[in-house]
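In: fold the following, please.
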Amino acid sequence: MNIVMLTNTFTPHIGGVARSVEAFTAEYRRRGHRVLVVAPEFPGMPQDEIDVVRIPAIQNFNGSDFSVVLPVSGLLTVLLDEFAPDIIHAHHPYLLGVTALRVARYRSLPLVFTHHTLYEEYTHYVPGDAPKLRRFIIEAAIRYANLSDQVFAPSESIMALLRERGVATPITVVATGVQTERFTQGNGGRFRVATGIPEDAFVVGHLGRLAPEKNLEFLAEAAAAFLKTTSWAHFLLIGTGPSEMTIRQIFSREGLDARLHIAGILEHEQLADALHAMNLFAFASKSETQGMVLTEAMAAGLPVVALDACGVREVVRDYKNGRLLHAQSIKAFVSAMQWVAGLPAKQVRELERAALDTAEAFSMSHSADKALACYTNLRDGIAADRLEQEQEQEQEQEQHWHHLLDLIKVEWEILKGIGSATDAALGADEETG
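Out: Now for the predicted structure:
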C-alpha cells in the first residue's frame, strides 16, 4: 500500500506528533508498505532522508519551536503522480492538513485524520489569544474531522470528546504504539556517571517538550518541593523548549541547582539509558491526547505519577503502575512521589512489572494492525465504489446506446413510411396520367 503522511512537525522536532509519525512510518515500511512523508523544513533535519518531502517554512513561529509551512509548490504534484498514493493521512487540520484535504479530493482518495492534539491548548503561541480564538480552533478541527473519511483518536477519552463536540465521521481509537524493544534495555548507571547523578540517588524524571502547555511550571514546583523533603533525590529532564528557563529559575530559587539535570534532546541508546537512570517518571500535562511518553517510560519499567487527564487515565492505574492524581495539588503530587520513594523493594518490583505489562498492551505492532486495517477498508471501499460507479456508467451508456438504436429504428421507419407514401403517390399520378 502507498501511504502519504502530511504533518506540520517531523524529525528533528521533538514532540508527540513528530514521534508518532516517525514511529508509524517506520513500522509501515518494515511491513513492506511505501510511505511518503510531507513535512516542513526544520533546522538540523537529516540530509539523507528517503521518501520525505520537505516544504519551505518559517522557523520558530512566534518564539516557539514550531515551523509554519509556506505555500506548497507544484513539485509535490509531480511527486504524488509518481508515488501513486492509496491513502492520504493528515496529522493536523491546518497548514499541511489543508493540502492533504485538497490532494485527497482532487485525486478521489480516502482521507484519514489523526486528532493528535487538543489544539485549543496551544493558542498562547498565536497573537490575540482569546476565548473566541479557542472556539474557532475547536470548530475548525471538528469541521476538518467531518470532512475526512476516517478519524483516528489516540485514546478513548479523545474519541468521547470528539463525539461530544459533533464529529460524525467514523472514529477508531489508534494510539501511537510504543516500540518496546527500544526502551526495555538501557544502562542507567552509565548515564548517571556521565551526567553526575549519584549512584544511590532517587531520580525523578520527565521526557518531552519543555513548553507551557505541558504544565511544567507546576511539575517543577512539585519536583523541587519533593527534593527538599528527600535529600538523596534528583530531578532529570529530557528535552528542550521555552519553559527551560522557568524551570531553572524555580530550582535556583530553592537552592537546588545541583540536583537539577537537563539533558536536552536524546535519541536511541542515550534515551534508553536516561530512562533507565530514573526511578520514577513524573507527568503533569493536561493537554495530551494520549500518554505516549508514559508508555515509553513504562517500557523502561518506570512507575508513573501523573495528573488525571485525557490520554493519561487510559495508561496510569492508581496504585497499580503508579499514581493517578485527580486534583492539581503540589502537596498531593509530592505525597505521591514520596509514596513511591518509600516503597520496599518487593512492591517497587510489582509496580515495575505492571508498568512493563502496560507498555506491552500499547505496543506498536497492535496499533499498526488497527491503522492498516482501517486503511485497507477505506482503499477497498473506494475501489468498490469506483467499480460500482463504472458499472452504473456502463449500464447507462448501454441503455443510452439501445435508446439511440431505437430512435434510429424509429427514424428509419419514418423515412421508410415517407418513401412508401411517396412511391404510392407517384404511382397514383402515373396511373391517372
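
In: give me the packing partners of the helix or strand hosting residue 191, helices and strands only.
Out: Assigned by DSSP states H and E, residue 191 belongs to helix 188-195. Judged by 3 or more Cβ pairs under 8 Å, 6 or more residues apart in numbering; DSSP states H and E, the packing partners of helix 188-195 are helix 268-276. Every C-beta, even on glycine, is put in place using the N, C-alpha and C of the backbone.

In: so what strands line up beside the following helix or strand past the helix it packs on?
Out: Where DSSP H and E defines the elements, the next helix or strand beyond helix 268-276 is strand 280-283. Strand 280-283 has the following sheet partners, assigned by DSSP bridges: strand 202-207 (parallel), strand 304-307 (parallel).

In: out of these, deepest packed?
Out: Mean neighbour count (mean count of other Cβ atoms under 10 Å) peaks for strand 304-307 among the strands paired with strand 280-283, with a mean of 26.

In: give me the helices and strands touching the helix or strand that that one is followed by, please.
Out: On the C-terminal side of strand 304-307, the closest following helix or strand by DSSP H and E is strand 322-325. Using 3+ Cβ pairs under 8 Å, 6+ apart, the elements in contact with strand 322-325 are strand 304-307, helix 330-341.

In: try it again at 6 Å.
Out: Helices and strands touching strand 322-325, by 3 or more Cβ pairs under 6 Å, 6 or more residues apart in numbering; DSSP states H and E, are strand 304-307.

In: for the strand it packs on, C-alpha coordinates in CSV please.
Out: Taking Å, rounded to 0.1, in the frame of the first residue of the first chain, the C-alpha atoms of strand 304-307 are listed here in CSV:
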residue,chain,number,x,y,z
VAL,A,304,4.5,7.0,36.9
VAL,A,305,3.0,9.8,39.0
ALA,A,306,0.6,11.9,36.8
LEU,A,307,-2.4,14.2,36.9
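
In: avg pLDDT for it?
Out: Here strand 304-307 scores 98 as its mean pLDDT.

In: and stretch 75-94, by the same measure?
Out: Averaged across stretch 75-94, pLDDT comes to 93.

In: which residues make contact with that stretch from outside it?
Out: 1-8, 17, 21, 36, 97, 100, 103-104, 109-114, 141, 144, 375, 379 (Cβ atoms under 6 Å, 6 or more residues apart in numbering).

In: need the distance between the two termini of it.
Out: Stretch 75-94 has an end-to-end distance of 20 Å (Cα to Cα, to the nearest Å).

In: distance from that stretch to the middle of the chain?
Out: 17 Å (Cα atoms, centre = their mean, to the nearest Å).

In: buried set for that stretch?
Out: Under the neighbour-count criterion of 16 or more other Cβ atoms under 10 Å, stretch 75-94 has 76, 80, 83, 85-93 buried.

In: tell me which of the residues you listed is nearest to residue 300?
Out: Closest approach between the buried residues of stretch 75-94 and residue 300, by Cβ to Cβ: residue 91, at 26.0 Å.

In: may I have the helix holding residue 191 as CSV, with CA atoms only?
Out: Extracted C-alpha coordinates of helix 188-195, given in CSV (Å, rounded to 0.1, in the frame of the first residue of the first chain):
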residue,chain,number,x,y,z
GLY,A,188,21.1,3.7,33.7
GLY,A,189,24.4,3.5,35.6
ARG,A,190,26.4,4.7,32.6
PHE,A,191,24.1,7.6,32.1
ARG,A,192,24.3,8.6,35.8
VAL,A,193,28.1,8.6,35.7
ALA,A,194,28.1,10.7,32.5
THR,A,195,25.5,13.2,34.0
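
In: ok, residue 298 touching residue 355?
Out: Yes - with contact defined as Cβ atoms under 6 Å, residue 298 reaches residue 355; the gap is 3.8 Å.

In: and the two? Which one has more around it.
Out: residue 298 (32 against 27; other Cβ atoms under 10 Å).

In: the more buried one: which element?
Out: Going by DSSP H and E, residue 298 is part of helix 292-299.

In: list of residues touching that helix?
Out: With Cβ under 6 Å, 6+ apart as the criterion, helix 292-299 contacts 16, 176, 178, 180, 183-184, 207-208, 281, 304, 315, 355, 358-359, 362.

In: now, which of these lie within helices?
Out: 16, 355, 358-359 (DSSP state H).

In: and these as JSON lines, adding pLDDT and distance to residue 135?
Out: Shown next, in JSON lines, are the ones in helices among the contacts of helix 292-299 (pLDDT from 0 to 100; distance: Cβ to Cβ, whole Å):
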{"residue": "16", "pLDDT": "80", "distance to residue 135": "24"}
{"residue": "355", "pLDDT": "97", "distance to residue 135": "38"}
{"residue": "358", "pLDDT": "95", "distance to residue 135": "36"}
{"residue": "359", "pLDDT": "94", "distance to residue 135": "37"}
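
In: now, the most widely separated pair of those residues?
Out: Of all pairs in the ones in helices among the contacts of helix 292-299, the most separated under Cβ to Cβ is 16 and 355 at 19.4 Å.

In: max pairwise distance over the buried residues of stretch 75-94: which two?
Out: Farthest-apart pair in those is 83 and 93; separation 22.8 Å (Cβ to Cβ).
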